[in-house]
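Visitor: sequence-free structure coming up:
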């Protein structure tokens, strides 16, 4: 959910840019926009909706995740000419690559889990198992494919948010901000 | 009933098409970042643990 902060920041930046340049926010014509909600649906049921995510079978997660992200790759590819979409697409591809390479799961190392939740009871997670109801599976670093692209970064303690993220997540956030910023520079003059 | 219908059509016709398009783009982008990123891993593992207790 914290990735939505990038949307808010980007939108504010785009509005300020449009206001400062005397333009209206542009309305870009994205191709195949309907693919995005279609791609979101399986993840909504698997990871977000409390009543379904707890009962979503683990063996279906890779299918839901890979299928969903494949649709997003198509969407990014057909809209590559839009500003910032190449960065969004690159972030998506990095996450998609590490997820595919690890059987349809985003890997997280035991060390990262311990840094993320140091107070978690030892029996609350296990190597080789899904971490709670997240997209992550706990895997030992040496056994992880493309480890550098996995969820291995944690926000500093002063932020009060115990969140773990990947390089791909950072690029996706930056791409979203760039795209929304660009809307403030291409609209009609007021 | 007909009055309500006409009022609704009149209201909808006043909505700026550009604004609707921008709203759709922002909605699509929000769903994109939630799905392309890893909201599960960004998600709060501690909250999951609390719910399990």
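Guide: Thanks, I have it. Treat the numbers as computed from the prediction; the structure is a model and nothing was measured. Residues are numbered from 1 along each chain as shown, chains lettered A, B, ... in the order given.

Visitor: ok but residue A:29 is inside a strand, no?
Guide: No. Under DSSP: H, G, I helix; E, B strand; the rest coil, residue A:29 sits outside any strand and is assigned coil.

Visitor: residues near it, how many?
Guide: The burial count assigned to residue A:29 is 10, neighbours taken as other C-beta atoms under 10 Å in any protein chain shown. For glycine as for every other residue, the C-beta is placed from the backbone atoms N, C-alpha and C.

Visitor: now do the contacts for it.
Guide: residue B:21 (C-beta atoms under 8 Å, 6 or more residues apart in numbering or on different chains).

Visitor: and the residue most central in space within chain A, what pLDDT?
Guide: Geometric centre of chain A, nearest residue: residue A:169, 5.0 Å, by C-alpha atoms, centre = their mean. What the model reports for residue A:169 is a pLDDT of 92.

Visitor: for the residue nearest to it when sequence neighbours are not counted, list the residues it contacts.
Guide: In this structure, residue A:169 finds its nearest non-sequential neighbour in residue B:37, 4.6 Å apart by C-beta to C-beta, 6 or more residues apart in numbering or on different chains. Contacts for residue B:37 (C-beta under 8 Å, 6+ apart) come out as A:3, A:91, A:95, A:165, A:168-169, A:172-173.

Visitor: so which of the residues you listed are in strands?
Guide: Within those, membership in strands is found for residue A:165, as judged by DSSP state E.

Visitor: ok, the contacts of residue B:37 vs residue B:15, which is closest?
Guide: Proximity of these to residue B:15 (C-beta to C-beta) peaks at residue A:3, which lies at 28.6 Å.

Visitor: quick check: the gap between the closest one and chain B.
Guide: For residue A:3, the distance to chain B (C-beta to the nearest C-beta, to the nearest Å) stands at 4 Å.

Visitor: kindly report the same for residue A:185.
Guide: Distance, residue A:185 to chain B, by C-beta to the nearest C-beta: 14 Å.

Visitor: host element of that residue?
Guide: Following DSSP states H and E, there is no helix or strand that holds residue A:185.

Visitor: count residues in the vicinity of it, would you?
Guide: Neighbour tally, residue A:185, other C-beta under 10 Å: 15.

Visitor: which ones are touching it?
Guide: With C-beta under 8 Å, 6+ apart, residue A:185 has these contacts: A:17-18, A:21, A:23, A:26.

Visitor: only whichever of these are buried, select them in ChimeraX.
Guide: In ChimeraX, a selection of the buried entries from these looks like this (16 or more other C-beta atoms under 10 Å in any protein chain shown):
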select /A:17,18,23,26
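
Visitor: spatially, which two of the contacts of residue A:185 are the most separated?
Guide: Across the contacts of residue A:185, the longest distance by C-beta to C-beta is 11.4 Å; it joins A:21 and A:26.
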